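Task: produce atomic coordinates for the following.
(one chain, ligands or ions: 1)
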Amino acid sequence: MEIVFDNYIVGTFLVSLFAFLFLFILRRYNNNNNDNNTRKKRFEKGYSREFKIQTGTGKGECSPGNGSGDEVIIVGAGVAGAALAYTLGKDGRRVHVIERDLTEPDRIVGELLQPGGYLKLVELGLEDCVEDIDAQRVFGYALFKDGRNTKLSYPLEKFQADVSGRSFHNGRLIQRMREKAATLPNVKLEQGTVTSLIEEKGTIIGVQYKTKDGEELRAYAPLTIVCDGCFSNLRRSLCNPKVDVPSCFVGLVLENCELPFSNHGHVILADPSPILFYPISSTEVRCLVDVPGKKVPSVANGEMANHLKTVVAQQVPPELRDAFIAAVDKGNIRTMPNRSMPADPHPTPGALLMGDAFNMRHPLTGGGMTVALSDIVVLRDLLRPLHNLHDAASLTSYLESFYTLRKPVASTINTLAGALYKVFSASPDEARKEMRQACFDYLSLGGIFSTGPVALLSGLNPRPLSLVLHFFAVAIYGVGRLLLPFPSFQRMWIGARLISSASGIIFPIIKAEGVRQMFFPATVPAVYRAPPVVN
Ligand SMILES: Cc1cc2nc3c(=O)[nH]c(=O)nc-3n(C[C@H](O)[C@H](O)[C@H](O)COP(=O)(O)OP(=O)(O)OC[C@H]3O[C@@H](n4cnc5c(N)ncnc54)[C@H](O)[C@@H]3O)c2cc1C
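Residues are numbered from 1 along each chain as shown. Take a look at the predicted model:
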């Protein structure tokens, strides 16, 4: 008995020591990151550049190989395509955008832009697109679990006053970006549906598309960028699409209600999976209810309304319950599959994928637009020194660096989205229950324990290593709570399973992101490739 008791004390001591060392390293690491951010900001302050806008022909068609027409074709003018069209157009490129439907989209996606994404809008000169659309400022999140709640603020202290998240009607943002792109004389925005990519000797030389009037046309350019979104039917030849649909979101709009924490996103750790609320205008609150699996109860036959009223409503914070039920009764219930797809490109001469056509993650953390905008900044900087895009093979080889340079932002946001969705979902497994509770309590500790993860989620501190450290700090925090003050064999067993389950959650996502690109980008030779020299 005495030996067992001694082992408990030694075990407890070792776990506490390990946890202390882990948290100590984490704090040191974060301090270093803060210093780096300050240096980066100073650099950015001193960095300004003027753009020369070339006026082009704006003509949609040119013959293949003829250098006088469009330089870039963009397929799709959603968040990624519209922002990219403006960005490349502003840099003087002759851009031809082909969008299936130029009317204002009405969807339940892309309604909360993280502050990191807002900073990218500023870098692209598109920040005015969130003005005059009744966008709401977002300063952080409120997390709810079992009647308790905790407020997690974005660490915005070091940024200019306008920097924060923004939430809005997605269609309004897209329409503003399309209008802004279309003001550039060298950007042609056309309504049409691209039906295929035109390939010649392994190089994409343009697209075939159907106009609004049903006319079949072809357009040619040395570079085609496919931004046709999550349902892309053009990506197949440009990547290896491994699409997973872990769940669906059911969307409602709540009217005339006040959120418990104004100007904050609300995440309810419900059973079986999270419910989100955030403002999308000065009078409307979006609610997204996660339903695990690919199938949702039928909206048409009333099963969905019944599910929302009998299973979901009781888990909604009391302040929002009446508005929630009124929204269900109003009947405008929308659904959307939540897709995730790691980036796995086949570098193809003459073509690139961007936005959701290229890479998707669970939308729980609202990271998709931030990744798309960040990718556009990376691509813009790579393309800027190039006067001519006609040498497709050299261009493809040079642009391979894009896949590594995008990783700090993309892999941090992608990994966090996948991991948090799993941790925040209810499970009958004791170890997963402990992990979920530990995550809530860890974030509630405040200080670095909340600002660290929130900075990762918001795209303000996109560092994969910091993400892994916080993730395992949560796991160790969970194990420490199980073992202190007196561990039992059963609790030690749950603790071991908690660590194993945490590893089982995060390591497959990291593997899909690419360990080398994520943690050792400097060892990837492609990042050192110089721009091709073109006569
Ligand atoms: C339920 C849900 C909620 C989300 N919430 C958020 C959030 O709050 N915050 C966030 O940052 N991200 C969110 N996302 C992700 C975000 O919506 C996407 O990352 C973002 O919209 C990607 O932009 P995109 O331009 O790639 O695709 P889209 O914005 O979907 O644009 C694709 C465009 O291509 C056009 N198109 C398609 N096919 C063709 C064709 N053949 N020819 C011509 N045009 C074509 C379409 O009409 C469309 O305009 C959410 C996703 C889902 C599923």
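
and whatever residue of the stretch 151-300 of the chain ends up closest to the ligand, what are its phi and psi?
Nearest to the ligand, among the residues of the stretch 151-300 of the chain, is residue 229, at 2.9 Å (C-beta to the nearest ligand atom). Using the backbone N, CA and C atoms, a C-beta is placed for each residue, glycine as well. When read as degrees, to the nearest 10, the backbone of residue 229 gives phi 80, psi -170.

In this model residue 89 seems to touch residue 380, though I could be wrong.
No: Residue 380 lies out of contact with residue 89 (C-beta atoms under 8 Å); the separation is 11.0 Å.

More neighbours: those two, which one.
residue 89 (28 against 18; other C-beta atoms under 10 Å).

Next one: the more buried one from residue 398, what distance?
21 Å (C-beta to C-beta, to the nearest Å).

before we move on, what about residue 175?
Remark: distance between residue 175 and residue 398 (C-beta to C-beta) = 34 Å.

try residue 93
Relative to residue 398, and taking C-beta to C-beta, residue 93 is found at 16 Å.

Between these two, which has more neighbouring residues?
residue 93 (25 against 19).

and the nearest residue to the more buried one once chain neighbours are set aside, what does it touch?
Closest residue in space to residue 93, ignoring its immediate chain neighbours: residue 71 at 4.8 Å, by C-beta to C-beta, 6 or more residues apart in numbering. Listed by C-beta atoms under 8 Å, 6 or more residues apart in numbering, the contact set of residue 71 reads 88, 93-95, 221-223, 389.

Confirm for me that residue 92 is in contact with residue 186.
Yes: the criterion here is C-beta under 8 Å, and residue 92 meets it with residue 186 at 6.9 Å.

Can I get the contacts of residue 71 in CSV including distance to the ligand and secondary structure?
As requested, the contacts of residue 71 are arranged in CSV below (distance: C-beta to the nearest ligand atom, whole Å; DSSP: H, G, I helix; E, B strand; the rest coil):
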residue, distance to the ligand, secondary structure
88, 15, helix
93, 18, coil
94, 19, coil
95, 14, strand
221, 15, coil
222, 20, coil
223, 17, strand
389, 21, coil
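
Most neighbours among these, which one?
Going by other C-beta under 10 Å, residue 95 tops the contacts of residue 71 with 29 neighbours.

how about that residue, what does it touch?
70-74, 85, 88-89, 181, 184, 186-188.

and those residues, which of them are in strands?
Secondary structure assignment by DSSP state E places 72-74, 187-188 of these in strands.

More neighbours: which of residue 92 and residue 186?
More neighbours surround residue 186 than the other of residue 92 and residue 186, with 21 against 18 (other C-beta under 10 Å).

quick one: the more buried one and residue 89, what's the gap?
Separation of residue 186 from residue 89 (C-beta to C-beta): 5 Å.

By proximity to the ligand, which residue of the stretch 51-200 of the chain wins?
For the stretch 51-200 of the chain, C-beta to the nearest ligand atom, closest residue to the ligand: residue 78, 1.7 Å.

And the helices in the stretch 51-200 of the chain, which stretches?
Using DSSP state H, counting those that start in this stretch, the helices of the stretch 51-200 of the chain run over 79-90, 115-124, 170-182.

Would you mind extracting the C-alpha trace of the shortest one into CSV?
In other words, helix 115-124. Taking C-alpha atoms only, helix 115-124 is exported to CSV below (Å, rounded to 0.1, in the frame of the first residue of the first chain):
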residue,chain,number,x,y,z
PRO,A,115,-8.9,40.2,-38.0
GLY,A,116,-6.0,38.4,-39.7
GLY,A,117,-8.1,38.4,-42.8
TYR,A,118,-9.0,42.0,-42.4
LEU,A,119,-5.2,42.8,-42.3
LYS,A,120,-4.9,41.0,-45.6
LEU,A,121,-7.7,43.1,-47.0
VAL,A,122,-5.8,46.2,-46.0
GLU,A,123,-2.6,44.8,-47.6
LEU,A,124,-4.6,44.3,-50.8
